[in-house]
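>>> Structural data only, the sequence is not supplied:
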């Protein structure tokens, strides 16, 4: 019998809690999916055309490891214009294969064995595994419905030890839709300064906020030099499959993240980078159009969930609602599985995003208004059946 060749740290991480439901959905017909976290819009035509043009013109070779210089220059201008934070496109910006690669590389480049990284939950499913794969130890800090799922500084401070290296923020939040106020972020910034922490700030949903302004963490006083800013094109420009993300960080940190990227990836897909160039040049009207439609859907689904007896705070960002299912007496897994089989509506159990997500489900409103309204009718029947 051969020895066990598998890494213990990889074996210690369970498969994504999201995938099981997607696998079930794939075997069923006529399911309304509020599960998949991606835009239901197609990539704007001029962005697609730019990617196609790069193929037709033979621009298919590797780019610089850091990505097309034109893309980095436009990105630097974009971040300065929106948030007033400046990055050198030559040394402080790196184009990656989506934010997933950006985060993985950032953690590998900065986390040593024994280091702890604070991870607020509920959070995107890759955060804790990413810390583990990098050799670190994730330390989870819960967020709660009564705080609109914002991260409270006092809870973070209680989790800090002498081994704490950093803090991983994901706002606007997946799965809750929460947006941190500037005041709460300043409280977190003060902790980062006081305890000398590195902050990984995943801001992939920065352009999808409703009735509030997004605060870029790196733009806060004193935070640029201790922040690894992560972003991308997938959500705002409906470019999920193009796989283009970025890292913005101080030059000394960006250099080491680039080193990991060099050996693991080489460069992001070239046609996708040309498409991203066009997105930054001409995509703003499309961002505004899609955001307005998401806002319309957001209002309908939040009102509808509350009306059928699934209390939901008002999500101010991304495209997720995170209602409580306590009134049904079902666990998140039971609720999601029964709803799928009995009413053919797919949602994601809240505990897939951390233990404090138990008692909630994630509903993605990046679906047509027709499907959202029908899903609410079906969910209403379901809640009436199981409601206590």
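Yep, that arrived. Please read all numbers here as calculations on a predicted model, not as lab measurements. Residues are numbered from 1 along each chain as shown.
>>> burial count for residue 161?
By other Cβ atoms under 10 Å, the residues close to residue 161 number 10. Where C-beta positions appear, they are placed from N, C-alpha and C, glycine not excepted.
>>> ok, now residue 38?
Using other Cβ under 10 Å, residue 38 has 14 other residues around it.
>>> give the contact list for it.
234-235, 240, 366 (Cβ atoms under 8 Å, 6 or more residues apart in numbering).
>>> Could you do residue 276 as well?
By Cβ under 8 Å, 6+ apart, the neighbours of residue 276 are 47, 71, 95, 233, 237, 239, 242, 244.
>>> quick one on the thing from earlier: out of the contacts of residue 38, which are inside helices?
Among the contacts of residue 38, DSSP state H puts none in helices.
>>> Let me have those in a markdown table, adding distance to residue 167, neighbour count and pLDDT as columns.
Formatted as a markdown table, the contacts of residue 38 follow (distance: Cβ to Cβ, whole Å; neighbours: other Cβ atoms under 10 Å; pLDDT from 0 to 100):
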| residue | distance to residue 167 | neighbour count | pLDDT |
| --- | --- | --- | --- |
| 234 | 23 | 22 | 97 |
| 235 | 22 | 26 | 96 |
| 240 | 27 | 17 | 96 |
| 366 | 28 | 23 | 95 |
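>>> right, and out of those, which lies closest to residue 379?
Nearest to residue 379 among those, counting by Cβ to Cβ, is residue 366 at 17.0 Å.
>>> Please name the nearest non-neighbouring residue to that closest one.
Nearest non-adjacent residue to residue 366, counting by Cβ to Cβ, 6 or more residues apart in numbering: residue 319, 4.4 Å away.
>>> my read: the one you found touches residue 362, true?
No - checked against Cβ atoms under 8 Å, the pair residue 319 and residue 362 is beyond contact range at 10.5 Å.
>>> what touches both of those two?
residue 37.
>>> Look at the two and report which has more neighbours.
A direct count of neighbours by other Cβ under 10 Å for residue 319 and residue 362 places residue 319 higher, at 29 against 26.
>>> Mind pulling up the pLDDT for the more buried one?
Per-residue pLDDT puts residue 319 at 97.
>>> so what's it up against?
37, 39, 177, 205, 208, 235, 294, 297-298, 364-366.
>>> Which residue ranges make up the domains of the protein?
Domain ranges of the chain: 8-43+285-386, 45-281, per automatic domain parsing.
>>> just these: most buried one?
Ranked by mean neighbour count, those are led by domain 45-281 with a mean of 20 (mean count of other Cβ atoms under 10 Å).
>>> what about that one, distance to the chain center?
Distance of domain 45-281 from the chain centroid (Cα atoms, centre = their mean, to the nearest Å) equals 9 Å.
>>> Between the two ends of it, how far is it?
End-to-end distance of domain 45-281 (Cα to Cα, to the nearest Å): 13 Å.
>>> Switch the domains of the chain over to CSV; also include distance to residue 2.
Shown next, in CSV, are the domains of the chain (distance: least, Cβ to Cβ, whole Å):
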stretch, distance to residue 2
domain 8-43+285-386, 16
domain 45-281, 24
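>>> looking at the sheet around the closest residue to residue 118 other than its chain neighbours, what are its partners?
Leaving aside its chain neighbours, residue 118 sits nearest to residue 167 (4.6 Å; criterion: Cβ to Cβ, 6+ apart). Beta-bridge partners recorded for residue 167 (DSSP bridges): residue 118, residue 199.
>>> so what's residue 10 scoring on pLDDT?
For residue 10, the model assigns a pLDDT of 89.
>>> what about it, distance to residue 55?
36 Å (Cβ to Cβ, to the nearest Å).
>>> List the ones among the contacts of residue 319 that fall in strands.
Assignment to strands by DSSP state E places the following of the contacts of residue 319 there: residue 364.
>>> For the protein, which segments count as helices?
Going by DSSP H, the chain shows helices at 8-11, 19-25, 45-56, 69-83, 98-110, 127-133, 153-159, 182-195, 251-264, 270-282, 284-307, 332-343, 369-386.
>>> Identify all contacting residues around the longest one.
It refers to helix 284-307. So helix 284-307 is contacted by 39, 41, 44, 47, 177, 207-208, 210-211, 236-238, 311-312, 314-315, 319, 321, 323, 363, 365-367, 369, 372-373, 376, 379-380 (Cβ under 8 Å, 6+ apart).
>>> Check the fifth one too.
Contacts of helix 98-110 from elsewhere in the structure, counted by Cβ under 8 Å, 6+ apart, are 94, 96, 117, 126-127, 130-131, 133-134, 136, 165-166, 198, 200, 202, 204, 228, 230-232, 234, 243-247, 249, 253, 256-257, 259-261, 264-265.
>>> what do you get for the fourth one?
Helix 69-83 has contacts (Cβ under 8 Å, 6+ apart) with 66, 85-90, 93, 95, 206, 216, 218-219, 229, 246, 248, 273, 276-277, 280-281.
>>> got it, and the last one?
Residues external to helix 369-386 that are found in contact with it (Cβ under 8 Å, 6+ apart): 32, 34, 296-297, 300-301, 304-305, 307-310, 327-330, 335, 338-339, 342-345, 363, 365, 367.
>>> Pull the distance from that helix to the chain's centre.
26 Å.
>>> And the longest one, by the same measure?
Average the C-alpha atoms of helix 284-307, do the same for its chain, and the two points are 18 Å apart (Cα atoms, centre = their mean).
>>> Please apply the same query to the first one.
If you compare the mean C-alpha spot of helix 8-11 with that of the full chain, they lie 24 Å apart, counting by Cα atoms, centre = their mean.
>>> What helices and strands are in contact with that helix?
Here helix 8-11 touches helix 127-133, going by 3 or more Cβ pairs under 8 Å, 6 or more residues apart in numbering; DSSP states H and E.
>>> quick one: residue 338 from residue 145, how far?
From residue 338 to residue 145 the distance is 22 Å (Cβ to Cβ).
>>> which stretches of the chain have low pLDDT?
Within the chain, the segments meeting pLDDT under 70 span 1, 17, 388.
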